[in-house]
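In: coordinates only, sequence not included:
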């Protein structure tokens, strides 16, 4: 079986494993206060062009999401997001478990707009019963989204401006960050993110590391006591250096490895997209990152699934199913060749 | 100003105040363990035809909702409800503050169906990633709903059957219970509710008492340790007898007072509905309880608002607004006459 | 049976009932935004000498405690209190249920000192692992305490000063406030409380009202959005005026009724204390409010309990038990006479 | 600087790194449902002699603690533990953040007894106000404790029996499990733990792995839906196999590696203990695991600290300080030689 069902089927890029082995017997202090974490944080701050940003490393995305959101909100406040947002549909209510409502808005290809946020805020502010409703205080977006699409620089700037106007925090979930940075047509850079977002993170888990997400906080209020939050939520890794070492490898030399791995995956995804289009299969949305959402005849899904693990989604009609196909930093060119041949044979 | 904006503008029915005064200097033990509460609970059990039901009194509806739901759910479980449900839109995230996601479904006139619950459960049970999503465990409905509509006996029985099949609790918010029991066309009785619901409550606050909701629990698992829950959530009234005394007055003699007060309000609402229909104003939904939702020209809303406090809702188009008009146990016939005349003059 | 077990055995002072009856059919808006609440709040602000204080009314003490504390703390912060504090031992973990640890300190007669708070803060601030522990952010005290003792003005000022120095909120639970204000030897006034505390409340439930606590917030940060908090925690009474009307009666004319009722109870408690001392029974602590903690031979507890409901506490040795005896605004002189005679007969 | 301050200063045993590298490009499904996790779980079940036990792997101890405890308790229930218990003092209120009070009991060398649990339960069960207090439902112990001491088999059996009698869950935190299993004088085995505990875990983080704790659940009620809990709390590792692979290495061949690494550390700790005793330094408690708590003159602490990182604790008097010295699976014999020489030179 060849896996195209997700982007975390393998371990880590060999250079990361090598570095972990080389440093294995060095003694460092724990909980992310070692020199590897310090150095990785410094590099990330520089890449973002934000000398004052706070940088923290945690093991996974759900942890990052729930810790950031609970840190940002007072008890009666909630997080606006796309109804399709990961926090709304795929984290077993992790945010609600910290006491906060997730306020889902209709999305388009996984994205929401500044206009929607404005509308939600105006509705709240003009509601005579506002105190009986959850007060929106944070906007959660992901880019690449759960549909593999990207926010443009203009869209982010509009969201930033809207959030600033209404006193909202803008939080970007970048679990698949590298696949976005490396995507064709992308016009968003780390400095743009650091300007537009109050807090965001760069995924490691899906982008070449064994695990790990690097949280960048630019808003002063969110920086305060954040390590207490990480510890309380169970996210403070005893051997914190494992996170520092991995991100050092990914981010050093201007994110060389981080970007190369993503380019590889995006390129392979492009090849698959081309093959699907050639056969006339519908792409659910236009995108250039490592996730592909397409609609296939159910028979084709079945026959492809004999050889390839895809990620099945909902039935779109009686005889068609939406499926997700993922490439990753570790996807082999030859496996993509096989998949494309199989698509052509449909 | 004459108030038709809600059903809690006045105090309590005079016979309740009288009883409170008569018993004022009796000494009783606290926290709802007095003989008034015991007696009121016994009467309610009898009215429900459920000798084994547990009965608890709390001060208000939000408290009832959050206490019941938090008692019923394990941390990763959530409550299905109409998207318009009070817990979803009008309690400042009280349920989420106890850690649980509210799973809103599209509603029709404030109601959801057994078929919708079945669909939601089948989606969850067949989702290969179910563990990454909130597990539905309770269905919250209100009747009368937030739109003044009622579930029929057949609808409740279908919901009951569906909930039983999927291991869901069925919880009915009866903050306006009496207005439903007394409504023309209603075919639901307390014994029907006690058969169909695992837990439900009868509102006092909006139905003639100063305050208070009477929670009836029929499901054995929900009965256990419920008083710990009430205490923890701040809902255990020190002078608990105030709740017992009020419900005794309302419920004695086969709920005589409780039903009479509601009939009065429902009748007056019917008169207003007739007047609106005569003028050709659209009713948002057909119903026979004490709430009326209609759509009026914005000019008419303004002119009516000079004399009457209505409850404005959203604009339905540029020149029309939805408004809620409420009668209550305390509404004066003469004020309804005035309102009707004003409607006729529009 | 004559009850001396607590101070909430009866209803409310008749003048309060009278006022509720007189105003019963007035129509007001709900949720505490009526003129009675507004007026009661204005009076209370004046009594406190704080024009800018925020005043909110809620139904009960546990609700007041959990709402204030959850509003004040970020998720990783906790509340310092006496180990005997009501929030630590008698509210079924209501504060923990909002996510916050209660940090109990050893107490003396229910009180803690500024020196203890200093020590706790210095320990936290110098702990290299502070981030692995709960950060103290609020000091909860009660006065009268759970042992009926009072903080002096000097003690409160010292606590205030210490809290200010360490950035802690000082929160005083005044569920039995009037019994303290009226007690012999008391040197604390509402303006002193308003100067020293960031938030405190005056109890109504135990001090002559049917129910109700009046929360006074002086710290700007705690004022923000407090009504959202009340609503979320189920503490926003629909007929909020019931709270306003009651506190108006208690507080008008320079708290005339509030203080008179307390003087009555304190005086009767003094008489019982004198009788106990005469018989040589130990008082657990010296105090002048309406609660008496004494240690009696178990036989005497039994014989007294045939006629009087006392509040039994722990066994102090094999043959002696601690008991609490409470008077209240409603305690009858003749019942105290009976109790004193019974004590004398032991 | 040579580190003796904790047992997580280095990476992982080389055989673990080797295995991670060997398996790096295998494709597996995520979230702990891969064959490595399945196999590691099967081995652990066999080692415990419990075919029906549920086994789950999470990244760290705080995560294990908060997830297990929140899964076990209803909202009004709390966890009994030693006042020195890790959950009570060193996890930033992680358990309280899930809504539950930690009920600390006085400890002796980090341990509590069945008699204490009995006493606490009898106090709760005979308290007429029990509903106003937190209901104990789980007993949390750690072994090795935070003081490096061990529960004996007899002590565990007594706790088990007491918990069974009162309907309490017994939960053992085994973050340093291997150092206990390998300790001289230890009479507790995995089958004993599996018989006595309803849930316990074996630490990997401090015992030779990069990270990871293996949770063993024997009580049927705790097994249900546990993966929902892990996901919600952010503890479900995307590349779950990293946990399976590591525990496979540690546990295969009858826990060969797991025990060898611990024997090494315990033996080195014994050598240090002997050196301390020879110099007449007080050991805070007698123990045979990898942690040493001793009291040293403050001057000696300072001079040792120039060469060695120790873990300073509280001052025991003006001139003496308690310090913790830790060995680990990675501690080098030569470094222990240096430390012992330095102790001898004091």
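Out: Happy to help now that I have it. Worth saying up front: this structure is predicted, and the values here are computed from it rather than measured. Numbers count the residues shown, from 1 in each chain, chains lettered A, B, ... in the order given.

In: Residue A:138 belongs to a strand?
Out: Yes: counting by DSSP: H, G, I helix; E, B strand; the rest coil, residue A:138 is part of a strand.

In: which residues does it contact?
Out: A:69, A:72, A:73, A:77, A:78, A:79, A:80, A:168, A:169, A:170, A:171 (CB atoms under 8 Å, 6 or more residues apart in numbering or on different chains). Where C-beta positions appear, they are placed from N, C-alpha and C, glycine not excepted.

In: wait, doesn't the fourth one sit right on residue A:100?
Out: Yes: in terms of CB atoms under 8 Å, residue A:77 counts as a neighbour of residue A:100; the distance is 6.6 Å.

In: Kindly confirm my reading that residue A:294 is in a strand.
Out: Yes: secondary structure of residue A:294 (three-state DSSP): part of a strand.

In: Please identify which helix or strand holds residue A:96.
Out: Take DSSP states H and E as the rule and residue A:96 turns out to sit in helix A:94-97.

In: just checking, next helix/strand downstream of that helix?
Out: With elements assigned by DSSP H and E, the helix or strand that comes after helix A:94-97 is strand A:102-105.

In: Would you mark the buried spots in stretch A:167-176?
Out: Across stretch A:167-176, burial judged by 16 or more other CB atoms under 10 Å in any protein chain shown covers A:168, A:169, A:170, A:171, A:172, A:173, A:174, A:175, A:176.

In: hang on, the earlier thing: kindly identify which of the contacts of residue A:138 also come near chain D.
Out: Counting by CB under 8 Å from any CB of the partner chain, the subset of the contacts of residue A:138 that neighbours chain D is empty.

In: I'd like those as CSV, with pLDDT appended.
Out: Shown next, in CSV, are those (pLDDT from 0 to 100):
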residue, pLDDT
A:69, 98
A:72, 98
A:73, 98
A:77, 98
A:78, 98
A:79, 98
A:80, 98
A:168, 98
A:169, 98
A:170, 98
A:171, 98
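
In: Would you convert the residues you listed into a markdown table that also reports distance to chain C?
Out: Converted to a markdown table, the contacts of residue A:138 look like this (distance: CB to the nearest CB, whole Å):
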| residue | distance to chain C |
| --- | --- |
| A:69 | 11 |
| A:72 | 10 |
| A:73 | 9 |
| A:77 | 8 |
| A:78 | 11 |
| A:79 | 15 |
| A:80 | 16 |
| A:168 | 15 |
| A:169 | 14 |
| A:170 | 20 |
| A:171 | 16 |
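
In: Just the ones of these in helices?
Out: Judged by DSSP state H, the subset of the contacts of residue A:138 located in helices is A:69, A:72.

In: follow-up on the earlier one: neighbour count for residue A:77 and residue A:100, which is higher?
Out: Neighbours per residue, other CB atoms under 10 Å in any protein chain shown: of residue A:77 and residue A:100, the larger number sits with residue A:100, 27 against 23.

In: Next, the contact list for the more buried one, please.
Out: With contact set as CB under 8 Å, 6+ apart, residue A:100 has these partners: A:69, A:70, A:73, A:75, A:77, A:78, A:79, A:134, B:93, B:96, B:97.

In: what residues are up against the spatially closest residue to residue A:173 that is not a sequence neighbour?
Out: Nearest in space to residue A:173, with sequence neighbours left out and distances taken as CB to CB, 6 or more residues apart in numbering or on different chains, is residue A:142 at 3.9 Å. Applying CB under 8 Å, 6+ apart, we find residue A:142 in contact with A:82, A:85, A:86, A:110, A:172, A:173, A:174, A:175, A:176.

In: Was I right to think residue A:44 contacts residue A:200?
Out: No: proximity of residue A:44 to residue A:200 does not meet the contact threshold set by CB under 8 Å, at 11.1 Å.

In: Whatever residue of the stretch 51-200 of chain A ends up closest to chain D is in what secondary structure piece?
Out: Nearest residue of the stretch 51-200 of chain A to chain D (CB to the nearest CB) works out as residue A:63 at 3.4 Å. Assessed by DSSP H and E, residue A:63 sits inside helix A:61-72.

In: which helices and strands does that helix pack with?
Out: The contact analysis (3 or more CB pairs under 8 Å, 6 or more residues apart in numbering or on different chains; DSSP states H and E) places helix A:61-72 against helix A:86-89, helix A:94-97, strand A:135-142, strand A:169-174, strand A:199-203, strand A:213-217, helix A:220-223, helix A:226-232.
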